[in-house]
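> Here is my input; please provide its structure:
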Amino acid sequence: MFKLSIKSLLFIIFIVLAGSCSPKIGKYDSLLNGINAKPEVLALHRDSVRFRIEGAIPLELLNKDTKITLFPEYIYGEGALRLGEIVPYDGAFTKSLVAAKVDEQYIFPYLPGMDQGTLIMKGLVERRNNVFQSPTKVLAEGLETSPLLTRIGQIIQDQPIPDIGIYLEKFFSESNTLETREFTVAFQPGNAERMAPVLPLPIRDFLLLGESGKKIDRIIVTGLISPDSRDNIQGLAQKRAEFISEYLKENRGLKGIEIETEYRSNDWFDLRLLLSDYEGIKQTEKEEVYTILLNESDYFSQKGELQRLPAFRKISRDLFPKLSSAKISLVLEDTRFNDIEIAASVYALLQEEKPLAGFNQDHLIFAGQTAKKLDEKEAIFFKLTEMYPSELAFNNLGVVYLNQAQRELDLRAKNVLITKSMNMFRQANRIKTTSVSLHNIGRAYLLRGDYFDAYISISEASALEKNETDAFLIYNEGIRGALDIINGDYKLATIRLNRATENEENLFNKGLAYFLSEDYRLALESFEECVQINRESGYGFYGLALVASYSEDIEALKENLSKAVERSEFLKEKAFRDINFKPFIGTKELIEIFR
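Predicted structure coming up:
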């Protein structure tokens, strides 16, 4: 579209030569008067500049022996982007001809430095073997690049590198960090005391050796009685619990540990537990027993019904003796969940290629979540994908690669990391599709500069969330609104950003969307809220300066732009090129700012 023919190139060479030695031909001074660009101020949409050139050539300049060729160019920096040629009239003259109309749509990619460019039009008239040039017309000066200010997690000069992507996290509450080990102490039917040794060998060994990485948080002793008539003694279950509790309190190793005492009598709970693993009767017989145990009759009525079952004899012989007992429940706290060195310990073992003895899936998840450095997170989550593959493991490893790519300067290495991250997110979605992994795929596309596919993935992530008040949806809509700004859909951006989390980044983006949609009152309100949340980044002040430039409030422009450029060298460079400030750059008020 933008390539010139050899003939056109010769025309341009001729124009240059003719312009240096030929007198100006006044007849064609008005050739381009009716040609204009829409919009009058060129604007950036997504990653390209889009505009239309339209208008008409005056009728009096159209003759059957005349050909008119127009050459639009975008001049910026030391170069020029030639946008091809337009032939509105090639000599096909008729009496009914009213005008030679021009209506062409143009799109060209945005490149750094184009924000201070100029769109011009050159006209060339060929008539009877003569070539004439009309005066060059400026169709548009500058380029509105305010959408580039959109905050979307990109790295900005003199600002901290933001983390991007969302980790899937597991919440380790007390219930996650406490585990129970149970032991049974058998009693003779009808007895509430035991001869030495009071405790069986397994529990004595456990109290002596403990368990790696765990400590006893508390002990619960539960006294039980059997349906056997010999255990039908008032208070027997309670006495068994108290006997074991008193014995444990004399153990020096258990000093300071809380010991709780409970008891159960006239209750079938523990028999039901034993039945679940009992293989001494058929399944149909077991179901008959359960039917009785779960009906709403009282304990003694149920006992009478059980005695009439064929399976009762086996149950009473094999299971009833086990209920003449006390249970000792040791509640263990996993101390490694409270150990700030757990991530470093796991990472060190991985570096040394040593086995992760004593570390289970939760330990690795906890270590990955608490690790501070990306290389540590990478090693831990990579090991997690090998040992315990899950959507959490693959998603979180993908987020690590994403943030490594965010910090990589080498373009090839960066793209490799982005690809690795996307592979991890897709693997996570194969196991279980989550809105978080879809969001992260969108983030990867964003880092690559692929706004179209990023928007699709971010939108799919929102579609999975049904609850309008969901924290993830509120966050995701902020990113979606930012993409709307980049895509040029400013009204839709304001709708999404009004539903998003009210942080400094989203409030600035919302103000920017209102500014670009020419709702300056709401833009002012959003930028003011942005400043109230964070006065240090400078973005809120820059937004207020944009609104002041529209209202031509020089004092407000000077005050807010000064605060913005003081806080950010990036914003200072942007302001100097910003088309919104161009009319004021030469004023004495703004000259002081850019010194």
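
> contacting residues around the closest residue to Thr587 other than its chain neighbours?
Leaving aside its chain neighbours, Thr587 sits nearest to Ile554 (7.0 Å; criterion: CB to CB, 6 or more residues apart in numbering). The C-beta positions use only the backbone N, C-alpha and C, and glycine is treated the same way. Contact analysis of Ile554 by CB atoms under 8 Å, 6 or more residues apart in numbering lists 548, 584, 587, 589.

> how deep is the last one tucked in, by neighbour count?
Read it as Glu589. Burial of Glu589 is recorded as 14 neighbouring residues (other CB atoms under 10 Å).

> Likewise for the third one?
Using other CB under 10 Å, Thr587 is surrounded by 14 other residues.

> Which of the three states applies to the residue nearest to the spatial centre of the chain?
The residue lying closest to the centre of the chain (CA atoms, centre = their mean) is Gly165, at 3.9 Å. With DSSP: H, G, I helix; E, B strand; the rest coil as the basis, Gly165 sits in coil.

> where along the stretch 151-300 of the chain do the helices fall?
174-177, 201-209, 236-249, 269-277, 283-293, 299-307 (DSSP state H, counting those that start in this stretch).

> So the residue nearest to the centre of the chain sits against Gly398, correct?
Yes. Applying CB atoms under 8 Å, one finds Gly165 in contact with Gly398, separated by 7.4 Å.

> list residues touching both of these two?
With CB under 8 Å, 6+ apart as the test, Gly165 and Gly398 both reach 421, 440.

> so what's the nearest residue to Leu59 once chain neighbours are set aside up against?
Nearest residue to Leu59, sequence neighbours excluded (CB to CB, 6+ apart): Ala99, at 5.5 Å. By CB under 8 Å, 6+ apart, the contact set of Ala99 is 34, 56-59, 62.

> mind showing which ranges of the stretch 251-400 of the chain have poor pLDDT?
336-344, 352, 357-358 (pLDDT under 70).

> Kindly apply the preceding question to the chain instead.
Looking at the chain by pLDDT under 70, you get 1-25, 93-98, 173-176, 336-344, 352, 357-358, 468.

> how's it carved up into domains?
Split into domains by automatic domain parsing, the chain comes to 6-144, 174-278+319-335.

> Output these as TSV; include the columns distance to Phe312.
Shown next, in TSV, are those (distance: least, CB to CB, whole Å):
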stretch	distance to Phe312
domain 6-144	79
domain 174-278+319-335	10
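
> and of those, who's closest to Thr284?
domain 174-278+319-335 (13.4 Å; CB to CB).

> Now Leu473: closest residue in space that isn't a chain neighbour?
Closest residue to Leu473 apart from its sequence neighbours, by CB to CB, 6+ apart: Glu465 at 4.0 Å.

> Nearest residue to Phe300 in space, please, no chain neighbours.
Going by CB to CB, 6+ apart, Phe300 has Asn266 as its nearest residue, at 7.9 Å.

> Quick check, that neighbour in contact with Tyr299.
Yes. Using CB under 8 Å, Asn266 is in contact with Tyr299, at 4.3 Å.

> hmm, back to that, looks to me like the residue nearest to Leu473 is in a strand.
No. Going by three-state DSSP, the assignment for Glu465 is coil, not a strand.

> roughly how far apart are it and Asn509?
Note on Glu465: its distance to Asn509, by CB to CB, to the nearest Å, is 20 Å.

> Gln532 now?
The gap separating Gln532 from Asn509 is 16 Å, by CB to CB.

> neighbour-wise, which of these two wins?
Asn509 (30 against 11).

> With just CA atoms, put the strand or helix carrying Phe527 into PDB.
If you go by DSSP states H and E, Phe527 is part of helix 520-533. Taking C-alpha atoms only, helix 520-533 is exported to PDB below (Å, rounded to 0.1, in the frame of the first residue of the first chain):
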ATOM      1  CA  TYR A 520     -13.500  16.000  31.700                       C
ATOM      2  CA  ARG A 521     -15.500  16.400  34.900                       C
ATOM      3  CA  LEU A 522     -15.400  12.700  35.700                       C
ATOM      4  CA  ALA A 523     -11.800  12.500  34.500                       C
ATOM      5  CA  LEU A 524     -10.900  15.300  37.000                       C
ATOM      6  CA  GLU A 525     -12.700  13.400  39.900                       C
ATOM      7  CA  SER A 526     -10.800  10.100  39.100                       C
ATOM      8  CA  PHE A 527      -7.400  11.800  38.800                       C
ATOM      9  CA  GLU A 528      -8.000  13.600  42.200                       C
ATOM     10  CA  GLU A 529      -8.900  10.200  43.800                       C
ATOM     11  CA  CYS A 530      -5.700   8.800  42.300                       C
ATOM     12  CA  VAL A 531      -3.600  11.500  43.900                       C
ATOM     13  CA  GLN A 532      -5.300  11.000  47.300                       C
ATOM     14  CA  ILE A 533      -4.300   7.300  47.200                       C
END
